[in-house]
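Asker: next input, structure requested:
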Amino acid sequence: NSHIKTKYPAVETNLFAYANMPPYVIDSLKKITDLDYLGCDGRPWSASDVGDVEQVGKVLLGPGQKFQKAALESGKKSLFLIENHNMSAENNALMDKRLPEVLDLNPDHLIYNYYPRNLDKPEENMAIIKKHLKNFK
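Answerer: Numbering: from 1, shown residues only. All right, here's what the predicted structure looks like:
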């Protein structure tokens, strides 16, 4: 990062890790220098929701908030990647229900997958993302 910032000062650097990383990993990520954004990726719901996850606890509500806190504590901006790929149609309803709560956390940088892989109903998935993101600032 230091080399990039020296050579290209306008470039913003970011890092996201799985939302279910243990605290010692998050603590080590906080120490990375010349990093502008620190965050995570995960499903846009909580671990208590009954939704498909690729790994236990890899969700934005709850674990993702630990990354927001870590970013703030280390003078970095927060980042969320909404994991909306590889999603069954049943999970679209859960994403629709919980995505407003994720957005209410107001991450500094937000990423999602545009027409991602392995969706049962890609048009429905994208309509949900659009519905909730159109007013996000």
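
Asker: immediately after the longest helix along the chain, which helix or strand?
Answerer: Of all the segments of type helix in the chain, defined by DSSP state H, the longest one is helix 89-104. Following helix 89-104 in sequence order, the next helix or strand is strand 109-112 (DSSP states H and E).

Asker: how about the longest helix of the chain, which residues are buried there?
Answerer: 91-92, 94-96, 98-99, 102-103 (16 or more other CB atoms under 10 Å). C-beta here means a position set from N, CA and C on the backbone, and glycine is covered the same way.

Asker: mind putting the residues you listed in JSON lines, pLDDT included?
Answerer: What follows is the buried residues of helix 89-104, written out as JSON lines (pLDDT from 0 to 100):
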{"residue": "91", "pLDDT": "95"}
{"residue": "92", "pLDDT": "96"}
{"residue": "94", "pLDDT": "96"}
{"residue": "95", "pLDDT": "97"}
{"residue": "96", "pLDDT": "97"}
{"residue": "98", "pLDDT": "97"}
{"residue": "99", "pLDDT": "97"}
{"residue": "102", "pLDDT": "97"}
{"residue": "103", "pLDDT": "97"}
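
Asker: which of these lies closest to residue 119?
Answerer: Nearest to residue 119 among those, counting by CB to CB, is residue 92 at 8.5 Å.

Asker: do you know the pLDDT at residue 54?
Answerer: Note on residue 54: pLDDT of 83.

Asker: I meant residue 118, not that one.
Answerer: Looking at residue 118, the pLDDT reads 87.

Asker: which residues does the residue lying closest to it once chain neighbours are set aside contact?
Answerer: Spatial nearest neighbour of residue 118, excluding adjacent residues (CB to CB, 6 or more residues apart in numbering): residue 86 at 4.1 Å. Residue 86 makes contact with 52, 54, 116-119, according to CB atoms under 8 Å, 6 or more residues apart in numbering.
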